[in-house]
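Participant: Sharing a model that was predicted from the sequence below.
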Protein chains: 2
Amino acid sequence: MSTSKYHHGDLRHSLIRAGAELLRARGPTGLTLRAAARAAGVSPTATYRHFADKNALLAAIAAEGFAELEQALRAADLGSDGRAALNQQGAAYVAFAIANPHLFRLMFAGVQAKQTTTAACGEGTLLPAPQGAFGVLAARIAQIAPPGETETAIIASWSIVHGLAALILDQRITAADPSALAARVAACLDFDAK
Amino acid sequence: MSTSKYHHGDLRHSLIRAGAELLRARGPTGLTLRAAARAAGVSPTATYRHFADKNALLAAIAAEGFAELEQALRAADLGSDGRAALNQQGAAYVAFAIANPHLFRLMFAGVQAKQTTTAACGEGTLLPAPQGAFGVLAARIAQIAPPGETETAIIASWSIVHGLAALILDQRITAADPSALAARVAACLDFDAK
DNA sequence: CCTCTAATGTTCACAATGTAAACATACGAT
DNA sequence: ATCGTATGTTTACATTGTGAACATTAGAGG
């Protein structure tokens, strides 16, 4: 590490890490371009050499978050019982959201789309957005859902844990043991029924 | 209605309506205190006679949204078949979110809490926040879920439709017919199972 | 009807933020 | 060694939320 301070060396990652830390510590209003630059020891406009605008920085932070989430899901996806593994994934999903509330919100709703791309995809199409984390879930579902119903099963599973996480974060539901609640709620899903 | 323009007459409601309209038309970044004041034909700081700060205006708009949502749920809660009525509520919930995406997001995640009130309530406690809309759902659940499981059933039902709505709004899922998808997904819930 | 007060709006002012434009520095290929 | 290009700096500006001081008018009490 050279002591020449003009060129930072790895400013891009520094900004992402500083931004993520600001988000965790001070919430979304604390995550500001200038604050991130300050934390990285750089002038505010230096950020524009690495990110087109603030949204691009947010997107990069969100992408890191999705990688973390994938890790967490993969770590929870254990055992030979597919249904149990799925429920464990659900608990891990909710636990991740609660452990990183601001990051979780940023990941899903934080990056503003310029244009509302109303691309007409097929009914119930799953977008590959968080493909990594999504894949961990989809694999287990494919294993335990009846064929032909896997897409509905995936959407239902994802929706129920995502909704629970969101409602807890937004303080619409209060849970002393969120993971346990997640498992209990996930158990209400029955893919084979009817 | 007098033509004296100094005192607006009903500025509070005008600001709420103007704010809601701005939100619908231009999204959250377009909903600004100054823009709302401009739309109401008033100076920016006049708003502070009616709202402590911007957050208070947002909260008022969100409250109106919850009233609308309750109306929509009540209108969908028809028929003697409790399970069918519940699924229709789910479809209406998702339809509302899609019809009012920015409002829906504001209602649940838009108003920033000053302090993260980590009040330790009981496990799986339901907060009365949107008590009106929530009550419509809870009533049906109580009717069809096994006694002793109603709270879990309520949380599961709310979570699955809320999650589906959120994922669609955030473009993680694309649905040609969201209401139909909501009904199909809601059908995966089985409260009596096991 | 006149007056006075409180409710309601206005004008100024300011700090913070995102971002554009012009300039400076230094890394690396020639 | 030279020079272009990537990277960072300084300046500048419009927008936003919001505080402070001032203006106006509605309506109660004489």
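Facilitator: Yep, it's here. Residues are numbered from 1 along each chain as shown, chains lettered A, B, ... in the order given.
Participant: For whatever helix or strand residue A:24 lives in, which helices and strands make contact with it?
Facilitator: Here residue A:24, judged by DSSP states H and E, is contained in helix A:11-26. Under the contact criterion of 3 or more C-beta pairs under 8 Å, 6 or more residues apart in numbering or on different chains; DSSP states H and E, helix A:11-26 touches helix A:33-39, helix A:54-76, helix A:101-105. Where you see a C-beta, it was placed from the backbone N, CA and C, and this is true even at glycine.
Participant: And the shortest one, what's buried?
Facilitator: Okay, so that is helix A:101-105. Within helix A:101-105, the residues scored as buried using 16 or more other C-beta atoms under 10 Å in any protein chain shown are A:101, A:102, A:103, A:104, A:105.
Participant: now swap in the second one and tell me
Facilitator: Applying a neighbour-count criterion of 16+ other C-beta under 10 Å, one finds A:54, A:57-62, A:64-66, A:68-70, A:72-73, A:76 buried in helix A:54-76.
Participant: next one: the first one
Facilitator: Along helix A:33-39, the positions that meet the burial threshold by neighbour count (16+ other C-beta under 10 Å) are A:33, A:36, A:37.
Participant: Relative to DNA strand D, which of these is nearest.
Facilitator: The closest of the buried residues of helix A:33-39 to DNA strand D turns out to be residue A:37 (C-beta to the nearest atom of the strand; 7.1 Å).
Participant: Is it correct that the closest one is in contact with residue A:50?
Facilitator: No: Residue A:37 is not in contact with residue A:50 according to C-beta atoms under 8 Å; the separation is 10.4 Å.
Participant: Quick check: neighbours shared by those two?
Facilitator: Common contacts of residue A:37 and residue A:50 (C-beta atoms under 8 Å, 6 or more residues apart in numbering or on different chains): residue A:15.
Participant: If you average pLDDT per helix and strand, which one of chain A comes out bottom?
Facilitator: Across the helices and strands of chain A, mean pLDDT, DSSP states H and E gives its lowest value to strand A:125-126, namely a mean of 62.
Participant: Please tell me how far whichever helix or strand comes after that one is from the chain's geometric centre.
Facilitator: As assigned by DSSP H and E, the chain's next helix or strand after strand A:125-126 is helix A:131-144. Between the centre of helix A:131-144 and the centre of its chain there are 15 Å (C-alpha atoms, centre = their mean, to the nearest Å).
Participant: Return the set of buried residues in helix A:131-144.
Facilitator: Using 16+ other C-beta under 10 Å as the test for burial, helix A:131-144 gives A:132, A:133, A:134, A:136, A:137, A:138, A:140, A:141, A:144.
Participant: pLDDT score for residue A:14?
Facilitator: Looking at residue A:14, its pLDDT is 96.
Participant: if we can go back for a sec, name the nearest of the buried residues of helix A:33-39 relative to residue B:175.
Facilitator: Residue B:175 has its nearest neighbour among these in residue A:33, at 34.8 Å by C-beta to C-beta.
Participant: What residues does that closest one make contact with?
Facilitator: Neighbouring residues of residue A:33 by C-beta under 8 Å, 6+ apart: A:44, A:47, A:54, A:57.
Participant: how much space between the closest residue to the last one other than its chain neighbours and chain B?
Facilitator: Excluding its sequence neighbours, the residue lying closest to residue A:57 (C-beta to C-beta, 6 or more residues apart in numbering or on different chains) is residue A:51, at 4.5 Å. In this structure, residue A:51 and chain B are 18 Å apart, going by C-beta to the nearest C-beta, to the nearest Å.
Participant: Residue A:51: which element?
Facilitator: Using DSSP H and E, residue A:51 sits within no helix or strand.
Participant: That one against residue A:44, yeah?
Facilitator: No: Residue A:51 is not in contact with residue A:44 according to C-beta under 8 Å; the separation is 12.0 Å.
Participant: Those two: which is more packed in?
Facilitator: Neighbours per residue, other C-beta atoms under 10 Å in any protein chain shown: of residue A:51 and residue A:44, the larger number sits with residue A:51, 19 against 13.
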